[in-house]
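In: what follows is a predicted protein model with its sequence.
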Amino acid sequence: MAVKKPRGTNDFLGKNVLLLEQIEETVRKVCKSFGIGEIRTPMFEYTELFARGVGETTDIVQKEMFTFEDRGGRSLTLKPEGTAGAARAFVENGLISDAQPTKLFYITPCFRNERPQAGRYKQFHQFGAEMYGTYDAKADAEIISLAHTILNELGLKNITLRINSLGCNECRKRYNDTLKTFISKRLDCLCEDCKQRYEKNPLRVLDCKNENCKKALSGAPSVLDSLDDECKTHFQKVQEYLTVMGIPFEVDSSIVRGLDYYTKTVFEFVSDQIGSQGTVCGGGRYDNLIKECGGSAMGAVGFAMGLERIMLLKQAQGSDDQIEDTPDIFIASIGEQGEKKAVSIGYSLRLKGIKAEYDTMGRSLKAQMKYADKIGAKFNICIGDDDIASDCVTVKNMESGEKTSMKLSNITEEIIKTIKENK
């Protein structure tokens, strides 16, 4: 019996690899324009980091982490998200003493032991961006504008930005008390998970996806009513900065995000085209996280997006149609001298960045032509002894059928020119 990939994982092949590469290239290009540098952290961290950073009451820490022990008995966890590891690296590597703010981004595999479904996997790729060292509302707006720009550059449509504020620690405590009173009268209608959340972290009840819970919590008090003047002003400024940048948004007081480290601003970019997993990107401010990771109290804001969800959305909207994985030219050959010439020309073209293919299977000329058609080569040439003797070869445009004669002695430059003219 053949060994298969584990459930909840993906093999990326052909067009999907190109799509993933395109997304990553777009992310890197936009981050560079925003002055954001890349960071790479270990695939696993000490479990304590996620318990402290992500939150012990979260579903991620309680149910979804892949955890194991090293030979010394220390508990390690494959990272379920990238924010905590980036914050740990920021503190551990002394970036906290650099001129602030510090702006970093990462693209990394992440791992969660949860039930696989469309847009949600046990292993997935996450892109995230972080800004450390500032409490200013302009930083919140800048991070949101970064996500907005990336989604636009990826050609994605019909995505809605929703924003909210959870306030500072004191606002949150005040709201938790109000929310707990509201929920206490509806406990019988909630799922078992929410009953536990009610005791440990009532705010998390609002993040439940269970339809019965959603119905029971309809009419819940708004967290915005519990904000103090400072937090209200901060949230108002975030909205003003988004407005002057021309970024449309909706205020949605139901957004709380699923992680405990958030303070003040939280936001999500959502789409109705990828089923129940409609959140394309999410983030916010986490002013306590750097201190939790061993640093001094310092403002921080950021977001993350799952690249597989971006892929699903691009496929749903048809914006992946322009991605192709086909050769620019196939060089067919007849005879030993023709084969050598094909190899020589193919290598020369590849050195110039042209996607060139030639036969490596010892096929007949007819079989080579069939293969060239099957792989979708844009141009085709055939080289034999007569072509070498006459220093002339015919290049065929496989789409239009047009044929052009070229000198074999100058074939590399001629082919490059022809391919560029037809792009």
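Out: Arrived safely.
In: hang on, T412 in a helix?
Out: Yes. Under DSSP: H, G, I helix; E, B strand; the rest coil, T412 falls within a helix.
In: what ranges do the helices span in the stretch 1-150 of the chain?
Out: 14-33, 47-50, 59, 83-92, 137-153 (DSSP state H, counting those that start in this stretch).
In: E130 is nearest to which of those helices?
Out: helix 83-92 (5.3 Å; Cβ to Cβ). C-beta here means a position set from N, CA and C on the backbone, and glycine is covered the same way.
In: give me the contact list for the closest one.
Out: Helix 83-92 is touched from outside by 39, 41-42, 45, 49-50, 53-54, 79, 95-96, 102, 104, 106, 128, 130, 132, 259, 261, 286, 289-290, 292-295, 300, 302, 304, with contacts defined as Cβ atoms under 8 Å, 6 or more residues apart in numbering.
In: rewinding a little: and the helices of the stretch 1-150 of the chain as CSV, adding mean pLDDT?
Out: Shown next, in CSV, are these (pLDDT from 0 to 100):
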stretch, mean pLDDT
helix 14-33, 94
helix 47-50, 92
helix 59, 76
helix 83-92, 95
helix 137-153, 98
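In: how about these in JSON lines, adding mean neighbour count and distance to K200?
Out: What follows is the helices of the stretch 1-150 of the chain, written out as JSON lines (neighbours: other Cβ atoms under 10 Å; distance: least, Cβ to Cβ, whole Å):
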{"stretch": "helix 14-33", "mean neighbour count": "16", "distance to K200": "35"}
{"stretch": "helix 47-50", "mean neighbour count": "18", "distance to K200": "16"}
{"stretch": "helix 59", "mean neighbour count": "20", "distance to K200": "12"}
{"stretch": "helix 83-92", "mean neighbour count": "23", "distance to K200": "19"}
{"stretch": "helix 137-153", "mean neighbour count": "21", "distance to K200": "28"}
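In: for A332, find the nearest of the ones you listed.
Out: Nearest of the helices of the stretch 1-150 of the chain (Cβ to Cβ): helix 14-33, 23.2 Å.
In: give me the contact list for the closest one.
Out: By Cβ under 8 Å, 6+ apart, helix 14-33 touches 12, 38, 105, 107, 125, 127, 129, 146, 149-150, 153-154, 307, 310-311, 314-315, 320, 323-325.
In: one more time with 7 Å, if that's ok
Out: Contact with helix 14-33 is made by 12, 105, 107, 127, 129, 146, 149-150, 153-154, 307, 310-311, 314, 320, 323, 325, as judged by Cβ atoms under 7 Å, 6 or more residues apart in numbering.
In: among those residues, which ones are buried?
Out: Neighbour-count burial (16 or more other Cβ atoms under 10 Å) is assigned, among the contacts of helix 14-33, to 105, 107, 127, 129, 146, 149-150, 154, 307, 310-311, 314, 320.
In: which one of these is nearest to E414?
Out: Among the buried ones among the contacts of helix 14-33, and counting by Cβ to Cβ, the member closest to E414 is D320, at 32.8 Å.
In: let me know the pLDDT of that closest one.
Out: Listed pLDDT for D320 reads 67.
In: ranges for the helices of the stretch 151-300 of the chain?
Out: Under DSSP H, counting those that start in this stretch, the stretch 151-300 of the chain gives helices at 169-184, 192-200, 211-216, 229-244, 289-292.
In: in a markdown table, list these along with distance to G119, mean pLDDT and mean neighbour count.
Out: Listed next are the helices of the stretch 151-300 of the chain as a markdown table, based on distance: least, Cβ to Cβ, whole Å; pLDDT from 0 to 100; neighbours: other Cβ atoms under 10 Å:
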| stretch | distance to G119 | mean pLDDT | mean neighbour count |
| --- | --- | --- | --- |
| helix 169-184 | 29 | 87 | 16 |
| helix 192-200 | 21 | 80 | 15 |
| helix 211-216 | 18 | 84 | 14 |
| helix 229-244 | 26 | 98 | 16 |
| helix 289-292 | 26 | 91 | 22 |
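In: can I get those in a markdown table including distance to K29?
Out: Compiled in a markdown table, the helices of the stretch 151-300 of the chain are given as follows (distance: least, Cβ to Cβ, whole Å):
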| stretch | distance to K29 |
| --- | --- |
| helix 169-184 | 37 |
| helix 192-200 | 40 |
| helix 211-216 | 39 |
| helix 229-244 | 22 |
| helix 289-292 | 27 |
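In: wait, which of those is closest to A367?
Out: helix 211-216 (57.8 Å).
In: ok now the closest one, how far from the chain's centre?
Out: Relative to the centre of its chain, helix 211-216 is centred 30 Å away, using Cα atoms, centre = their mean, to the nearest Å.
In: give me the angle between the helix or strand harbouring L312 and helix 14-33.
Out: Take DSSP states H and E as the rule and L312 turns out to sit in helix 307-317. Counting by axes from the mean of the first three to the mean of the last three Cα atoms, to 10 degrees, helix 307-317 lies at 110 degrees to helix 14-33.
In: following helix 307-317, which helix or strand shows up next?
Out: Following helix 307-317 in sequence order, the next helix or strand is strand 329-333 (DSSP H and E).
In: how near is D140 to E56?
Out: 26 Å (Cβ to Cβ, to the nearest Å).
In: typo on my end, it should be K237
Out: From K237 to E56 the distance is 32 Å (Cβ to Cβ).
In: what about the strands in the stretch 251-400 of the chain?
Out: Applying DSSP state E, counting those that start in this stretch to the stretch 251-400 of the chain gives strands spanning 263-270, 279-285, 300-306, 329-333, 356-358, 379-383, 392-397.
In: quick one: the residue sitting nearest the centre point of the chain and L20, what's the gap?
Out: Note on the chain: the residue nearest the mean C-alpha position is L307, at 3.0 Å, using Cα atoms, centre = their mean. Distance of L307 to L20, computed by Cβ to Cβ: 6 Å.
In: do the same with L156
Out: From L156 to L20 the distance is 15 Å (Cβ to Cβ).
In: now do L313
Out: 13 Å.
In: for the protein, give me the ranges with low pLDDT.
Out: Residues of the chain that meet the criterion pLDDT under 70 lie in 258-259, 275-277, 320-322.
In: okay, now the domains of it?
Out: Domain assignment for the chain by automatic domain parsing gives 14-168+228-317, 329-421.
In: tell me which of those is the most buried.
Out: Highest mean neighbour count of those: domain 14-168+228-317, a mean of 18 (counted as mean count of other Cβ atoms under 10 Å).
In: nearest to E339, out of the strands of the stretch 251-400 of the chain?
Out: Minimum separation from E339 across the strands of the stretch 251-400 of the chain (Cβ to Cβ) falls at strand 329-333, 4.6 Å.
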